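Colleague: Provided below for reference: sequence and predicted model.
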Amino acid sequence: MRISPAFYGVALFVLGAACGSTGNGDGSSSGNADGGNSNAFDHGDFDAGGADQTESSVKMYPELWYWVDQLLVRVELDADGKIANIQSSTVTTTVDSGQSAITMLKDGSLLMSRLSKTDDQSHFFHVPNPPRDGNPVTPTSLGVMPDKIMIEGLYTDCEGRVYAMDTGTNDTNSQGNRLLRLTGNIAAGDFTFTQVSDLASAATADIDDMGPGINSDNKIVDNPGLAIDTGHIYVFNFETGEGHEVAQAGTYGIHALGGSLFGDQRSRLYVMNNKAEFFELDPKTHAPSASLGKGPKPAQGDPGWSSLAGPLTDCAKSGFVTQPK
């Protein structure tokens, strides 16, 4: 994370997410981790191939989530992709100030972390039933990431697997950066993990947030996806670290929402800057919309010092090929 208070860009898409459907679909998020997909990509082309993922029966909504300071914020979207309402819930648990990460798990609950500026540790929390009425919320405290591993980004792939971005020795360069998969029951406080990739020499210096891309069939692809580093956005293979910069926009939070959440069935890309302003980005040209709305100002820190999360519907087959067991 390269701190740049003057940088208030607009931009691309994505972050943590849960595969699901907008209705009463059947089945569960499961599949073959070996995939057999092509990981080729070129300037925003995310054609990983493969059959569609089986979707969850959990009802999903057109919404985005983030959390800053003592606020958990829901951004409700209309059927046309514009913002209908921005509503914040007070977090009743006292949490240190710091950079926030968030992802929606496959059951629709929220997994959140806060990289504390007080002790430089990543504190994890779980919200089993995200509040959609603005009522106060008391997240379940799960503890801290072991071995003082500092986490900046959280990500859920199209099969419901959960990932954490280890920011290494600090949050300004790539030294020690790794992508970890949380293999334990993280919602119960089990921090067991395995390393997916060593990203110390990756295309991006540091990763604040991770998210999927949208392929030419309007489907969501989890890998290759997108990585954002203080407004520098990369098409990025999370397993190999290969990628290239495609835009300079947004700040710390990006997310893509599948087409089934909207009236016209078109998948959409959203970004939040550090003023908590929201924009939709054209997935091909990267051209931003006018501002769609602005979130609340917290008592401490930047209003947009967080990644973004939301449901991840309309998934193509997972692009994670070399999954560790």
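Modeller: That came in fine, so what should we check first? Numbering: from 1, shown residues only.

Colleague: gap between the two ends of stretch 214-221?
Modeller: This stretch, stretch 214-221, spans 6 Å end to end (CA to CA, to the nearest Å).

Colleague: buried sites along that stretch?
Modeller: For stretch 214-221, burial by neighbour count (16 or more other CB atoms under 10 Å) applies to 214-215, 219-221. C-beta coordinates here come from the backbone N, C-alpha and C atoms, glycine included.

Colleague: filter the residues you listed down to just the ones in strands.
Modeller: 214, 220-221 (DSSP state E).

Colleague: just these now: which is nearest residue 270?
Modeller: Of all these, residue 270 sits closest to residue 214, with 11.7 Å by CB to CB.

Colleague: the closest one and residue 299, how far apart?
Modeller: Separation of residue 214 from residue 299 (CB to CB, to the nearest Å): 36 Å.

Colleague: residue 284 too?
Modeller: 40 Å.

Colleague: with residue 224 instead?
Modeller: Following CB to CB, the distance that separates residue 224 from residue 299 is 38 Å.

Colleague: what ranges do the strands span in the stretch 101-250 of the chain?
Modeller: Assigned by DSSP state E, counting those that start in this stretch, the strands in the stretch 101-250 of the chain fall at 110-116, 122-127, 140-144, 151-156, 162-166, 178-182, 193-198, 209-214, 220-229, 232-236, 243-248.

Colleague: output the contacting helices and strands for the fifth one.
Modeller: The reference is to strand 162-166. strand 98-104, strand 151-156, strand 178-182 (3 or more CB pairs under 8 Å, 6 or more residues apart in numbering; DSSP states H and E).

Colleague: what of the first one?
Modeller: In this structure, strand 110-116 makes packing contacts with strand 98-104, strand 122-127, strand 151-156, judged by 3+ CB pairs under 8 Å, 6+ apart.

Colleague: quick one: which of these is nearest residue 193?
Modeller: Comparison of the helices and strands packed on strand 110-116 against residue 193 by CB to CB identifies strand 151-156 as nearest, at 10.3 Å.

Colleague: pull that closest one out as CSV, backbone CA atoms only.
Modeller: What follows is strand 151-156, C-alpha atoms only, in CSV (Å, rounded to 0.1, in the frame of the first residue of the first chain):
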residue,chain,number,x,y,z
ILE,A,151,-3.0,-9.3,6.0
GLU,A,152,-4.1,-6.6,3.6
GLY,A,153,-6.6,-8.3,1.3
LEU,A,154,-9.2,-11.1,1.6
TYR,A,155,-10.7,-13.0,-1.3
THR,A,156,-13.2,-15.8,-1.9
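
Colleague: list the helices and strands it packs on?
Modeller: Under the contact criterion of 3+ CB pairs under 8 Å, 6+ apart, strand 151-156 touches strand 16-19, strand 98-104, strand 110-116, strand 162-166, strand 209-214.

Colleague: what average pLDDT does the shortest one get?
Modeller: It refers to strand 16-19. Averaging pLDDT along strand 16-19 gives 48.

Colleague: with the third one instead?
Modeller: The predicted model assigns strand 110-116 a mean pLDDT of 97.

Colleague: so how far is it from its chain's centroid?
Modeller: With CA atoms, centre = their mean, to the nearest Å as the basis, strand 110-116 stands 12 Å off its chain's centre.

Colleague: now that strand and strand 162-166, what's the angle there?
Modeller: If you take axes from the mean of the first three to the mean of the last three CA atoms, to 10 degrees, strand 110-116 sits at 10 degrees to strand 162-166.

Colleague: and the contacts of strand 110-116?
Modeller: Contact partners of strand 110-116, identified using CB atoms under 8 Å, 6 or more residues apart in numbering, comprise 16, 65, 67, 72, 95-105, 121-127, 130, 139, 145, 150-152, 154, 162, 164, 167, 171, 186-187, 309.

Colleague: also the fourth one?
Modeller: Where contact means CB under 8 Å, 6+ apart, the residues beyond strand 162-166 that reach it are 101, 103, 105, 111, 113, 145, 149-157, 176-182, 186, 193, 196, 207, 210, 238.

Colleague: now that strand against strand 220-229, angle please.
Modeller: Going by the same axes, to 10 degrees, strand 162-166 makes 20 degrees with strand 220-229.

Colleague: my read: residue 132 touches residue 73, true?
Modeller: No - with contact defined as CB atoms under 8 Å, residue 132 does not reach residue 73; the gap is 11.6 Å.

Colleague: good, we can wrap up now.
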